[in-house]
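# Sequence unavailable; structure follows:
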């Protein structure tokens, strides 16, 4: 199934939440619990390509890469060593 293998995000801070625990057998079952949470800031992403993988005996191997049709030269320069 297609999925993101990486996602750029920055830690913007922390806060807390109050939630109801629904875990039978736990001491906190049907009680409110305060928990710490992390707030992430994610900039907008642009897809520049897709990599197709095949499963081999040694694990996943890159089969092919499909690049977007209209990429700036600045973007291509970042992906190619001998520009």
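All right, it came through fine. These numbers come from a predicted model, not from an experiment.
# Pretty sure residue 40 sits against residue 12.
Yes: using C-beta atoms under 8 Å, residue 40 makes contact with residue 12 at a distance of 6.4 Å. The C-beta positions use only the backbone N, C-alpha and C, and glycine is treated the same way.
# what are the ranges of the strands in the chain?
10-20, 32-41, 49-56, 59-67 (DSSP state E).
# Could I get those strands in a markdown table, plus columns for mean neighbour count, mean pLDDT and distance to residue 82?
Converted to a markdown table, the strands of the chain look like this (neighbours: other C-beta atoms under 10 Å; pLDDT from 0 to 100; distance: least, C-beta to C-beta, whole Å):
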| stretch | mean neighbour count | mean pLDDT | distance to residue 82 |
| --- | --- | --- | --- |
| strand 10-20 | 9 | 97 | 32 |
| strand 32-41 | 10 | 96 | 35 |
| strand 49-56 | 10 | 91 | 18 |
| strand 59-67 | 10 | 91 | 16 |
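# Same list, those, but as JSON lines with distance to residue 2 please.
Output for the strands of the chain, formatted as JSON lines (distance: least, C-beta to C-beta, whole Å):
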{"stretch": "strand 10-20", "distance to residue 2": "25"}
{"stretch": "strand 32-41", "distance to residue 2": "22"}
{"stretch": "strand 49-56", "distance to residue 2": "8"}
{"stretch": "strand 59-67", "distance to residue 2": "12"}
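# Who's the closest spatial neighbour of residue 53, skipping the chain neighbours?
Of all residues not flanking residue 53 in the chain, residue 60 sits nearest, at 4.5 Å (C-beta to C-beta, 6 or more residues apart in numbering).
# Quick one: residues contacting the residue lying closest to residue 47 once chain neighbours are set aside.
Spatial nearest neighbour of residue 47, excluding adjacent residues (C-beta to C-beta, 6+ apart): residue 68 at 6.7 Å. The contact partners of residue 68, taken as C-beta atoms under 8 Å, 6 or more residues apart in numbering, are 47-49.
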